[in-house]
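S.K.: Need coordinates for the following:
(chains A, B, C, D, E, F and G, ligands or ions: 2)
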Amino acid sequence: MTSKPSKLSQWVYTFGMYLLIWYGFTTSLDVYELATGVLVAVILAFFTLSITKSGMSIFSPVRVMYMLQFIGVFFVALLKANWDVAKRVINPKLPINPGIVKFQTQLRSEFAQMVLANAITLTPGTVTIDIIDNWYYIHWIDVESEDPEVAFRAIAEPFEKVLLKIYQ
Amino acid sequence: MSITPVHYIAVPLAAAFLIPILSKFHKETARIIPGLVFSYFLVISFVLMRQVSNTGIISETIAGWRAPWGINLVFGYFSGFFATLMSVIGFLTWLYSYRFKLVDSKPAMSYYILLMMLVTGSIGIVITGDIFNMFVFLEIVAISAFSLTSFYPGRDGAEAAFKYLLIASFSSFLILLAVLLLYTQTGTLNIAELSTKVHLIPQSLKLTILVMFVVGLGIESELFPLNGWAPDAYSQAPAPVGAVFAGVVVKGGIYATMRVMFTMFDINEMGQILLILGLITTIIAEVAAIKQTQVKRMLAYSSIGQMGVVMMAIGIGTEDAVFAALFMMFNHAIIKGLLFFSTGFLLHNSLTKTIAEMKGVAKKFPVLSFMFALGSFAIVGLPPFSGFWSKLYFLMAAADAKLFSMIALVLAVSIVEIVYYFRVVGVMYYHQPDESLPTKQPGLNAYFVMGFLAALIIGVGVYPDLITNFLHAAAYELTHKTEYVQTVLTQFVR
Amino acid sequence: MNIVYLISIILIGIAMILGFLRLIKGPTLADRVVALDTMSITVTAGLTLAALYFHRYIYVDVALVYAVLGFIGVIVVARYLEKAL
Amino acid sequence: MMPYLAYFGQFLILFGSVFLFLGALGIFRMPDFYNRLQAGTKASTLGVMSLILGVGFVEPEWLVKSIILVVFIGIASPLSSHALGRSAYKNNIKPFMKTKMDAYEEVSQILPEEEEKV
Amino acid sequence: MNTLALILLILFSGAIVAFLSEKVSKFLPSLIAFISITAAGILFYTSPADVFNFKLSMAGLNFTLKIDEFSRLFVHMIIGLSWLASMYAVGYMQNKERQGTFFFNMLLSIGGMLGIVAARDLVSFFVFWEIMTWSSFLIVVWTGADFRRTGIWYMVFSAMGAYAMLMAIMMIYSDIHTFNIDEIIAAIAEQRLPHLVEASVLLLFGFSVKAALMPLHVWAPNAYTQAPAAYTAIFSGVLSKMGIFGMALVLLSMLKFANPADFSLVYINGFIGQILAWLGAITAAIATLYALIQTDAKKLLAYSSVAQLGYITIGIAIGTPLSVMASLFLAVLHALFKGTLFLAMGAVERQAGTTDMTKISGLIRRMPWTFFVTLVSIISLAGVPPLAGFVGKWMLYEALITNGNVFMVVVVFFSSTAAFLYSYRILFGIFLGQEEDDTAHVKEAPLSMILPMVVMALLLIALGTYPGLLFDPIAQGMTVLGFENVTWQMTVLSNVWGNTVNLMYISTTIGVAFVAALLFLTLKGRKGSRNVGTKDISTSGEIPLEHENLTYQLDFFKPFERAASPLYRRKMTKIYDDLSNGLDALFDFTRKIYTGNGQTYALYVVIFLVALLIYVQNTL
Amino acid sequence: MKRFLVIFLMLALGFYLIQALHFVPFGANRMGAPADKKTVAAFYLNETVPQTAVANVVTAIVVNYRGFDTLGEVTVLFLATTGLASILYKRRDEEETERVSKPSSTILQTGAKVLFPLVVILGVYVFVHGHLTPGGGFQGGAIIATGFLLMLIAYQKYHLSHSMLTWVESLAGILFVSIGLWGLITGGTFLENSWFPKGTLNSLISGGAIPIIYIAVGFKVAAELTGVLDILLSTKDDKSASNIQQ
Amino acid sequence: MCSFDYQTIMSISIYGSSVVLMLLGLYAVLVKKNLIKIVIGLSIVDSGLHLLFVAVGYLHNGTAPIFSPEAVDKVNQMVDPVPQALVLTAIVIGFATTAVALSLVIRLYKHHKTARIDQIKSLKW
Ligand code: NA
Ligand code: NA
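M.R.: Ligands and ions are numbered 1, 2, ... in the order given. Below is the predicted model of the structure:
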């Protein structure tokens, strides 16, 4: 996210998200339900606008496409990695070489950093321990290399690539 | 809109919720509104007591569902006695502490709200007709009491409150468990309906439930060995709160015990046990009291001792004994109130609150000292003060039950009581005063409160019929539960 | 009963037991919390399955609330372990 | 269409419960905290997400809420794993055995050993 | 308005007014007290006898007050002595602080005593008893000198007594559901009172405390000494007689009316009487021993009072017509002479600052009136003819011998002889002998104090000469107790059993001899006396072998004390001290149950819960 | 020694508890057939829908049949916050001592920011649908409070407006009592529900005043629990909870 | 299966776990020295009791007492709603108590510099 979204865009985004969540909970298009949802969304948006960073621009078609791509990439990685975990669990004698490695990210958006961190955490073998000044510290169950570059490529590169596209 | 028992609860709750907002605009509302509520309590008590004497027990339904479907409030002579007593003590306590200068407005607001809710909760215990609702009110009282116990900053208040909380948690646990087991066997929570259904419970389970009630409510009624919390709480709470503990809170516990043992069950099932517990409580408490160096702690142990005697009277279980128990509670409330109130100023600046610090205060505070001495004379049961009559009626009830060894022990313990009260009076009057201790003079409001209590003590002492008819009616109502049950289960006030 | 559900329930049940064993074993508080975290996730799954089995939509709400509370509970303990509370 | 969606849902349920089981097994069998964290929470998360989505497919009316649930778990579960891992590290729970590499040591403020045993 | 109620109301409201009037003027309380008692007295003596009857139904109980012929005897004592003492108090209390409290309590205790003797139901009796007790307690501690030893002991012993009475009252109540004494007596006669024996013993225990019978006497010497003299006269003179009144009520009124067919009861009655009589005798003897070694005149008189109450108890306990009459006679006399003596000592204390006999002497010249009343009272006290004390004692000997209690006669005789020895010391220790330098400024007490004392002294002289003056009311009172045919003559007392004692002969003979001896000694002494140092004992012509100074003032009875030391070794107070220390340790141990650890309290709760569950499930 | 005593006590207590539960067979019907309405439970099951048009019987009991309990319960919470404020009250000069800052990771902070609205909306959903789904004021309020808890622990310096909390809890409480009193004023009983249209079963607008009360309760509970958590979390200098627990 | 049928197992496991929870909590309250642990013990006791509340209301093959559209005809299967209503109150009260307890612990620790209950007894006898 390079430029700060306009106030209105922020409002609409926040309100829309909240109304969406409300609909998710109620799954009902009843007039009263929706009216209640609107009321809730407006009031909550009023109080939480300060913590929202995004605007409506996040829903540009390109970004939505990349988002879908990210989900795809993520699911593939997830399945692959879970297979790995399954093996480890069934046979815990597999070679493990735990350690904590670090690498630098180019993502600047807090949200994007969080998404990346979560993606890393959710793919087995790695847990994001911390992010300090754009450096990720990752607990890696089988450290392949201590070199940040190598670690980055092995752990985060596919995710970051897509995320950079969404949040640029 | 006529006055009904629910006003006892609804009005203070509305006030309690209003105070935090209103005191944002005007700080004084935090102490004025509770005063208005307490005054209104007096009005309610008066109106309802008249109504009871005209038409009998009042059963009010809540939310439009008659018992047992909904919760109901019951106000008869028995509940009315407690509610009125609590209202009066509450009002006096508020008046007494009206001029308290609390450092800033926030704790002051807490103090008055908690005080009001302490009394409201106790009245709730007394007027509710539902056993689970009674538990809720017990908890309202408990939470307010913990906070008030630790009201003064510093470590000892917190210590006392923690012990109180720890032990009171056992009480909640046991009462709740007992209520649950009762519910599983009878399918109801209404006290009146329960009393018609407890015979359905298998004997062994019934005994377990009874034991849980005895222990759970015994904690609230300060029975030995369940009363470790009490001396600490009484002595650490602000003096007027001590008066409320003695005059209101413990009465709530005793009321609950009586309601459960007499109305829900049959007193004969646990009477013997309560009798013996009461006796042991009295003996140990008075023995501990005589060894105290702190005045408020001494008063606390003394209170426990008195409650032991009340419990003995409950254990005897006859109408006369209940009458004596009610009379004792009335006396205890007003006399302990007077003692705590006078102590509050006599030891106002004292940090340690020891008896030694009251040396020769009579020279400086003749009226306060006189009040304390009067309270001492009354509480040990000397005629012509009100304490004498309750003691006499208790002994008569015990004599009727041929409990001579108990009478002997109670009387022996009374000697101990005389010694420690008179010792304090002696220190106050017959020692040289310590000039170094500047103490605050009470205001007119405090004098009025103490004067009123003193007048009551002497008035009832000289002319006990001021209240005996009323107490007889209350005792009759408790020991003949048919009217209660009938009224609750058939009467539907809309 | 659908065989799929039966197998699922058995697997979830075993998962609960295994998690519980770890919860008891520890050895550190962190280990127990991890076990608890896993168990709370498993319970969420179990609740959803129960909603399906009993055919009561409202149990999904229960699962949702359970998931939220379980998550925040773990976060609290984690922060507590960091001595940040 | 409907039965196929339901069959897919049932497959997801089965798949999910297997991973839930594997996750729990990992929690149970793995030798140290970090491995448990790694093995346990991930597989369980995948498992629960799959299972809930499966339920959504079996009962399409519930799908929206299932997705909400899945999204929530998808965000929350890694967060809690991360928080746990971080706090365990700061609480001096060292990675198991022959750790060669600890890049975090220099930047993290590990809490001192408790000086006062109360 | 009922006269009896009015009298009590005057006294009680007078008490409150006196208490409050202190704020107005220091002087006012004493005046109000005097006026109240005067008013009560006038009301009592101007009303016909049958109006003293008062019934009240309150709080579900029936209260009955009635003054019969027996109580009337005591009312005379109470009102008479109180009136004189309150007159005395006006001067005595002058310039003292906290007079309001003093007169408040004084009036209350007087009202209490009147209530006691009038009460015809046990609750009223107890109420008045307690009012009398705590108000006298407040006077005892009024000076504040020794609160713990005097105040607390008095209260503890009083409470023990009162609660024993209360226990007895409750036992009676549990049997017949009434507190009315007449109904109780009727029930006793019909054998409807199973707890009669226990109740009687407990009641007597309670009365013994007030009568300061061994071993319950330890409070008395201190209490009598510490109370201001104006009150001690009442305290020792009539208040302690309330114990005697109660004993008479139980032994002569209640137990005597037991159905004669009930042999066990009659036997027990006799048995209880015997025990009580022996306690009285022992009390008399031992208190006399202690009186002998006192150096403080008030303390000496206090022990003397204990001893005298011992004799009086004997008479009541023996229960024959003659012994009862002797007792009542002695009771009235004791009120007079001990009252006078305490008042006199109060005057001495007020004027000379102390009653310690080692510190003052030779006050006869400074306070002649006081000396005169003291002399008269002491002669009466010592039981020496011609004054009335002799008559009373003689009657008692007679009663005891007739009843076969010969050994008791020996004890009483010893005590009354010794009484002469100790009372003689007051005379010499304070009034006679050589004047001390620092008492030179002492003046005679004011008239308001002298007057009551003189009145009482004159009464004593009158009664000594005409003891019959008292026999009439006593005999009338005794009819209430069932001694119906006791008749009297001026000099000869006779009754249905035919004992005849010619008092006039004996009294005249000994009286004449005594007066002659007194004159002789006085005249002789005036001729050949010379002044020596007050501590100079060589004048008696003997060389002191020991280092003690054996003047009248100092250690006069030291040789005796040493000889009798085994008798003094075991002090009753020591036993009570040990007892109270033991109890104290026990209490201290017990209170440690409250360990302060909240967890321990929680453990108590669970232990108790489990114990109760086990008990209930296995026994009920 | 004490340990053995306690173990013995626990065993004995367990024995008697189990003995008592022996009379409460698990899963047995103790209510009787609902149509009989012999027990209160059967009455509620049978009568809730016709009488109140509330789908969730528990809600009908909590808010209406036993609404008085709920008022008491809300009061208990209110008193807890009031009491806590006084127990942990510090005079202004004491207030300076700040706790040692141990910030959480940015990941958690961002996550909390993202999840917070979701949790709050969930809470609102739960208490608004208290009469339809398993939920209600307490549950919803508690969920909202956990949302605030998340923020409080993710951001150590997260500032809550106490004035706001006070307003919310007081107004909600007043609303509850006022609805109760309205019943009295209109000639009925306290907390009377019949003055409000019932609506149709299983729609948002149903159950008369019950949803309104539950919404009030939801707000009140949310504010109170949040207040409690805030007080507990913000009143520590160096004596943090983690230190006490050793 | 054999002698243990489904109902017995459920009964033992549910009642058993609630009793065990209560007893474990009580044990902690009575034995643990640390104030926080004691408070946790109290909470565990509460939890056991709350579980018991829900358990006694259970009906075999019962369903939640909510007349949602798919369950309007299941009135005979619905579990006892009353204990559920009661337990709600009990939970809230338990929470309030715990909150007050914790605040007291904080204050005690501040003043006594310890959280050992056996060292916090300046009020005794
Ligand atoms: Na409680
Ligand atoms: Na609790």
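S.K.: average pLDDT for the helix or strand where residue E:516 lies?
M.R.: In this structure, residue E:516 sits in helix E:503-527 according to DSSP states H and E. For helix E:503-527, mean pLDDT rounds to 67.
S.K.: Following the chain past that helix, name the next helix or strand.
M.R.: Sequence order places helix E:558-563 as the next helix or strand after helix E:503-527, per DSSP H and E.
S.K.: Where does the residue nearest the centre of chain G fall, secondary structure wise?
M.R.: The centre of chain G sits closest to residue G:47, judged by Cα atoms, centre = their mean, with a distance of 1.5 Å. Using DSSP H and E, residue G:47 maps to helix G:35-56.
S.K.: so after that helix, what's the next helix or strand?
M.R.: helix G:81-112.
S.K.: so where's the stretch 301-450 of chain E uncertain?
M.R.: Low-confidence segments of the stretch 301-450 of chain E, defined by pLDDT under 70, are located at E:385-386.
S.K.: for chain F, what helix or strand is lowest in average pLDDT?
M.R.: For chain F, using mean pLDDT, DSSP states H and E, the weakest element among its helices and strands is helix F:241-244, scoring a mean of 53.
S.K.: Repeat that for chain D.
M.R.: Among the helices and strands of chain D, helix D:33-36 carries the lowest confidence by mean pLDDT, DSSP H and E, at a mean of 83.
S.K.: Tell me which other helices or strands that helix touches.
M.R.: Packing partners of helix D:33-36 (3 or more Cβ pairs under 8 Å, 6 or more residues apart in numbering or on different chains; DSSP states H and E): helix C:29-54, helix D:2-29, helix D:63-90. Heads up, the C-betas are built off the backbone N, CA and C, glycines and all.
S.K.: Any idea which of those helices gets closest to residue B:407?
M.R.: helix C:29-54 (59.0 Å; Cβ to Cβ).
S.K.: Determine the next helix or strand in the C-terminal direction from the closest one.
M.R.: With elements assigned by DSSP H and E, the helix or strand that comes after helix C:29-54 is helix C:58-81.
S.K.: Any residue of that following helix touching chain D?
M.R.: Yes - using Cβ under 8 Å from any Cβ of the partner chain, helix C:58-81 reaches chain D at C:60-61, C:63-64, C:67-68, C:71, C:74-75, C:77-81.
S.K.: Give me the helices and strands touching that helix, please.
M.R.: Contacts defined by 3+ Cβ pairs under 8 Å, 6+ apart place helix C:58-81 against helix C:29-54, helix D:63-90, helix F:106-128, helix F:137-154, helix F:241-244.
S.K.: could I get the ones you listed as TSV with distance to residue E:352 and mean neighbour count?
M.R.: Converted to TSV, these look like this (distance: least, Cβ to Cβ, whole Å; neighbours: other Cβ atoms under 10 Å in any protein chain shown):
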stretch	distance to residue E:352	mean neighbour count
helix C:29-54	86	24
helix D:63-90	89	24
helix F:106-128	91	24
helix F:137-154	84	26
helix F:241-244	72	19
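S.K.: so where's chain B shaky on pLDDT?
M.R.: For chain B, applying pLDDT under 70 flags the ranges B:1, B:101-105, B:349, B:351, B:436-439, B:492-494.
S.K.: what about the residue in it that ligand 2 sits nearest to, how many neighbours?
M.R.: As assessed by Cβ to the ion, ligand 2 sits closest to residue B:172 within chain B, at 3.8 Å. Residue B:172 has 25 neighbours, counted by other Cβ atoms under 10 Å in any protein chain shown.
S.K.: Take the least confident helix or strand of chain D, keep the C-alpha atoms, and write them as CSV.
M.R.: In CSV, the C-alpha atoms belonging to helix D:33-36 read as follows (Å, rounded to 0.1, in the frame of the first residue of the first chain):
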residue,chain,number,x,y,z
PHE,D,33,8.2,-28.2,22.5
TYR,D,34,9.0,-26.7,19.2
ASN,D,35,8.4,-30.0,17.4
ARG,D,36,5.1,-30.4,19.0
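S.K.: For the stretch 101-250 of chain B, which segments are assigned as helices?
M.R.: Counting by DSSP state H, counting those that start in this stretch, the stretch 101-250 of chain B has helices at residues B:105-127, B:131-149, B:155-186, B:191-197, B:203-220, B:229-236, B:239-244, B:250-258.
S.K.: Next, the angle from the fifth one to helix B:250-258.
M.R.: Spelled out, that is helix B:203-220. Put simply, helix B:203-220 runs at 170 degrees to helix B:250-258, going by axes from the mean of the first three to the mean of the last three Cα atoms, to 10 degrees.
S.K.: Against which helices or strands is helix B:203-220 packed?
M.R.: Packing partners of helix B:203-220 (3+ Cβ pairs under 8 Å, 6+ apart): helix B:155-186, helix B:250-258, helix B:271-290, helix E:598-619, helix F:2-21.
S.K.: Could you save those as a markdown table and add columns showing distance to residue E:212?
M.R.: As requested, these are arranged in a markdown table below (distance: least, Cβ to Cβ, whole Å):
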| stretch | distance to residue E:212 |
| --- | --- |
| helix B:155-186 | 46 |
| helix B:250-258 | 41 |
| helix B:271-290 | 25 |
| helix E:598-619 | 45 |
| helix F:2-21 | 52 |
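S.K.: now the residue nearest the centre of chain D: how far from chain F?
M.R.: Central residue of chain D (Cα atoms, centre = their mean): residue D:41, 2.1 Å from the mean position. Counting by Cβ to the nearest Cβ, to the nearest Å, the gap from residue D:41 to chain F is 15 Å.
S.K.: Residue B:427 too?
M.R.: Distance, residue B:427 to chain F, by Cβ to the nearest Cβ: 34 Å.
S.K.: same for the helix or strand encompassing that residue, what does it pack against?
M.R.: Per DSSP H and E, residue B:427 falls inside helix B:404-430. Using 3+ Cβ pairs under 8 Å, 6+ apart as the contact test, the elements touching helix B:404-430 are helix B:271-290, helix B:295-316, helix B:361-364, helix B:366-379, helix B:386-400, helix E:153-176.
S.K.: What distance do you get for the closest residue to chain G within the stretch 51-200 of chain B to residue B:245?
M.R.: Closest residue of the stretch 51-200 of chain B to chain G, Cβ to the nearest Cβ: residue B:155 (3.3 Å). Distance, residue B:155 to residue B:245, by Cβ to Cβ, to the nearest Å: 20 Å.
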